Structures are given as structure tokens and as C-alpha cells.
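Asker: using only what follows, build the 3D model:
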Amino acid sequence: MTKPNSFLKNSYITLVRQFTSIVIGTLLIIIIARMLGPELQGNYALITNFPAILMMFINLGINISTVYYVSRQEIDPGESFFNNLIIGVVLSLIGIIAGFISIYFFGDKLFKDLDDYSYVYFILIAIPFMLLNTFFQTIFQGIQDFKVFNTILVITQITNLLLVVVLIVLFDFGLMGALIAFISGHALTLLFILVFSVKRFNLTRKNLRLNIPYLRKSFHYGFKSYMSNLVTFMNYRINIYLLGFFVGNGAVGLYFTALTLGEKLSVFTQSISSVLLPRIAAMGTEEERNHLTSIVSRFTLVFMLVLSVVIFFTIDFLAPVLGHEYKETPFFLKILLPGIALLAVEKILSNDIAARGKPEINMYVSIFNVIFSTILNVFLIPMYGATGAAIATSISYSLSFIIKAVFFKRVTGEAFNKFLLFKREDFSLVKKMLLRQKFFKRLIRS
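Answerer: I've put the predicted structure just below:
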């Protein structure tokens, strides 16, 4: 088991690599948007989200339970690796079969404006790579090796970006080139993980066995998180398909670009959330858990609100970069910003609740949210198109935050002001954190 680094150090390592991911991801969005245009960008969004949705249906929460049990040292990482490999292969086959059936019977509803379903069948190749990458990545999250954890994410982004440049920009393969790059990015990442893990975990024959008691516990704990994550993901993505159904793929392309750019902002807080889950699960006392999450949620709220204000007043400069066809995209992003800022804090609270062994709370809240969001989208999209989708999403995210804050207060007994309002002592804590970094030490001395 890797010796855990400090929470601050792990968050810093993750933040740096996630920032790299933001830059790469933003370049990827811009290139695909400019080269494909809104209509094909809409097709790309619907097609690439399909394996992601299937993956959410079939993963059964194994990724979350892996973090939980590996961080508590209830299973050896090498043994977890082999168990996740076997489960991942089986679930991937189920996902591919489910994908074929869904396209064959419901393709005309799910992909209304898509003339050629061969693209959707083709993207199913990505499922085993995506699922196994997720299962293996969470092992490194569980042992709190965030250098490797985040390197995996960056490799996927870099390979995808490079292949997009080659296949779309240089050779003009269009939508098919973008899909090949998407699949290849995940495939090359899996190759890296397999080669690295054989050495890292010293995989031998004694690791190569199914741990049935672990699998039972893993499915039991993971299923609660699975349902929560499934409906949460549906809440994030259902409006894309509703928008395509009611308006068309051109509107999907404009909205999806805004949504994806907005989600890049929350990567900063995802870096902290990734570190928080195994740390909370491994902590012994309730007081330690409450103190850590309260500090993190306060910092996250202030950071995201400030960042959102900056983005609100600067995002219009991005429109020329995306192209004149995307002139409405900055407006959609402005509508999404309040919800995205609050959702970042909601994720912090959700990870804390799950790490305390109560993921079912997240599940109940998520079920309510997806029902509310669907009703709101069905009402607003036919009237206002992509603007309605953005309004519905922002309201849904904000409501999710409010509900989760109430539940967090009940679970922990912490007052709202303790985990939401920035305190005077937080300023001195920020100062201490900055002074620990070599860059700021040199800056002060100079």
C-alpha cells in the first residue's frame, strides 16, 4: 500500500494535472467544433455520449467500491486489479450487446437526425477500453497515488487531441476521424495502464484469483453508489437527447459545446473531490471528517463563484475562436455558470456522504433530480430550444446543491455557515498554503 501523502499535496498534484487536462480538453473542443460545425458536432456529442451512458448502466458501482475498499486496505491492490479485469471484461460484453439491441430497436428515437447508424455501432468498440480504464484508475485513487491517477487522464486527452489533429485537420476524415481518435485515446490509455500495473503491483499467480467475499461486498456497497451515479449522469446528459429529439442536432452541437466548456471549469474541484473520497473513507473520527470537508467546501464555493464571474465577463471573446456558427454558445454558458458553480460544491458533499458509507442518500437525491430535470427540460426545450435546456440544467444543478447541503447538515450536524461561508481564519490558511509552494517563496524573496 502506498503511503498516503498530505491532503494538500495530493490535491496540488491532482490540480496541476487536471489543469493540463483542461487546456488539452479545451483545445480538443475548439478543434472539433471548428472542423465539424454545429450539425456534425451535435452528431459527435450524441454518438460519443452513447457508450458513456451504456458504461454508467453496466459498471454496477465497481469503481466507487474499489476506491472505498482499497483505501481501507480491505483488499490488496494487485488482487483488486485482477478482480476488476475479469468483471470489466464480462460487463463490457454485456454493454456491447445492450448497445447493439438499443440501436437496432430504438435508433430512430435516440438518433433522430442521424442517417447512418454505422457510426453508432462503431463507437461501441470504445466500451471495454472506457470501462477498464475507469476500474483500474480507481485503484490508484484508492492507494492515493494521484500522480498515476491523473497521468492516466492526461494520456487519454493527449492521444485524443493528437489523433484529432492528424485525422481531422490534416487528413480531413471528418466525423469518422473524430470517432477513431476518441476510441484510440481510450485504447492507448488502457495499454499504458496494463504495462505499468504489471510492474507496479508485481502481479503474480497468487493475485490471479477471484475474491468472492470481496466481490459480494463490492457489489453491495457499489450498487448504492451505482444507482446514484447512474441517475446523476442521466441528469447531466438527458437534455442532449431531448434537445436532439425536439429541436435537432445543430442545437445539440451549440449547447453541447457550452456544456462541455462549463464542465471543464469544475475540473478544479474534481481534483479535490478525487482526493477527498479515499481520505474520508480512511479517517477514524467524525470530527476529522467534518473539519476537512467543511474547509474544502468553503474554499470550493468561493473559488467557483469568483471563477464564474471572471468567465461570465470574458467568455464572449471565445466566440471568434469557435467560429461564427457558435455565436450563441457563450450565451448558453453564461446561463449554465450559476448551476455549474453550485454543482462543484455539491460533488464535494456527495463524495463525503458516500465515503461515510451512506451512498444511498446520494441515490435518493439523484432520482428526484433526474425526474425534476426531465420534466423541466420537456417543458422548456420545445419553447426555448437550447436556451431552455441551459436554463433547465442550471436550475437542476442548483436545486441538487440545496438538497445535498440540507442532507449533509443532517448527516454531520455541521451548521450551514461552517461548510458554506468563508471565515476569517481561512485567509491565513490560504496564505500558509501558498507560502509552502516553492514558486511563491521565490516570488516573495525577489
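Asker: when you work out contacts or count neighbours from here on, use the C-alpha atoms and nothing else.
Answerer: Noted.
Asker: any stretches of the stretch 151-300 of the chain with poor pLDDT?
Answerer: Low-confidence segments of the stretch 151-300 of the chain (pLDDT under 70): 205-207, 267-285.
Asker: gap between A319 and G78?
Answerer: Note on A319: its distance to G78, by Cα to Cα, to the nearest Å, is 48 Å.
Asker: so for the two, which residue has more residues nearby?
Answerer: Using other Cα atoms under 10 Å as the criterion, A319 and G78 rank with G78 on top: 21 against 16.
Asker: ok, that one touching K199?
Answerer: No. G78 lies out of contact with K199 (Cα atoms under 8 Å); the separation is 10.3 Å.
Asker: show me what secondary structure element comes after whichever strand or helix holds M55.
Answerer: Element membership for M55 (DSSP states H and E) is helix 7-58. Next along the chain after helix 7-58, taking DSSP H and E as the criterion, comes helix 62-71.
Asker: that next one: how far from the chain's middle?
Answerer: 16 Å (Cα atoms, centre = their mean, to the nearest Å).
Asker: then stretch 406-416?
Answerer: 25 Å.
Asker: chain center to the helix holding M55: distance?
Answerer: With Cα atoms, centre = their mean, you get 9 Å for helix 7-58.
Asker: and what of stretch 62-78?
Answerer: 20 Å.
Asker: flag every buried residue along that stretch.
Answerer: Neighbour counts over stretch 62-78 (16 or more other Cα atoms under 10 Å) mark 62-72, 76-78 as buried.
Asker: repeat that for stretch 76-96.
Answerer: Under 16+ other Cα under 10 Å, the buried positions of stretch 76-96 are 76-85, 87-89, 91-92, 95-96.
Asker: also stretch 225-244?
Answerer: In stretch 225-244, counting by 16+ other Cα under 10 Å, buried: 225-244.
Asker: show residues contacting that stretch.
Answerer: The contact list for stretch 225-244, computed with Cα atoms under 8 Å, 6 or more residues apart in numbering, reads 46, 49, 53, 56-57, 59-62, 64, 110-113, 249, 251-252, 256, 354, 359-360, 362-367, 369-370, 373-374, 377-378, 381, 385-386, 389, 393.
Asker: just the buried residues out of the residues you listed, in ChimeraX syntax.
Answerer: Command for ChimeraX that selects the buried part of the contacts of stretch 225-244, burial taken from 16+ other Cα under 10 Å:
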select :46,49,53,56,57,59,60,61,62,64,110,111,113,249,251,252,256,354,359,360,362,363,365,366,367,369,370,373,374,377,378,381,385,386,389,393
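Asker: quick one on the thing from earlier: closest to L170 out of the buried residues of stretch 62-78?
Answerer: Within the buried residues of stretch 62-78, proximity to L170 (Cα to Cα) peaks at N63, which comes in at 37.2 Å.
Asker: how about the strands of the stretch 101-250 of the chain, start to end?
Answerer: For the stretch 101-250 of the chain, applying DSSP state E, counting those that start in this stretch gives no strands.
Asker: who are the neighbours in contact with L399?
Answerer: Residues in contact with L399 (Cα under 8 Å, 6+ apart) are N369.
Asker: report pLDDT for it.
Answerer: As predicted, L399 sits at a pLDDT of 95.
Asker: list the buried ones in the helix or strand harbouring it?
Answerer: Element membership for L399 (DSSP H and E) is helix 386-412. By neighbour count on 16+ other Cα under 10 Å, the buried set for helix 386-412 is 386-401, 404-405, 407-408.
Asker: pull out the buried residues from the helix or strand that it is followed by.
Answerer: Helices and strands here follow DSSP H and E; after helix 386-412, the next one along the chain is helix 416-420. Neighbour counts over helix 416-420 (16+ other Cα under 10 Å) mark 418-420 as buried.
Asker: run through the neighbouring helices and strands of helix 416-420.
Answerer: Under the contact definition 3 or more Cα pairs under 8 Å, 6 or more residues apart in numbering; DSSP states H and E, helix 416-420 sits against helix 286-314.
Asker: where's the helix it packs on relative to the chain centroid, distance-wise?
Answerer: 18 Å.
Asker: E414 - nearest residue in space that isn't next to it in sequence?
Answerer: Setting aside the residues directly before and after it, E414 is nearest to N290 in space (Cα to Cα, 6 or more residues apart in numbering), at 7.3 Å.
Asker: distance of the nearest residue to V67 once chain neighbours are set aside from V345?
Answerer: Among residues not flanking V67 along the chain, G142 sits closest, at 4.2 Å (Cα to Cα, 6+ apart). For G142, the distance to V345 equals 22 Å [Cα to Cα].
Asker: okay, those two: which has more neighbours?
Answerer: Per other Cα under 10 Å, whichever of G142 and V345 has more neighbours is G142, with 32 against 27.
Asker: what bits of the stretch 301-446 of the chain have low per-residue confidence?
Answerer: The stretch 301-446 of the chain contains residues with pLDDT under 70 at 424, 426-446.
Asker: please redo it, this time with the cut-off set to 80
Answerer: 318-319, 351, 354-357, 359, 422-446 (pLDDT under 80).
Asker: now the helix holding L399 against helix 286-314, angle please.
Answerer: Helix 386-412 runs at 160 degrees relative to helix 286-314, counting by axes from the mean of the first three to the mean of the last three Cα atoms, to 10 degrees.
Asker: quick one, what contacts Y69?
Answerer: Residues near Y69 by Cα under 8 Å, 6+ apart: 75, 142, 218.
Asker: same question for L179.
Answerer: 44, 48, 123.
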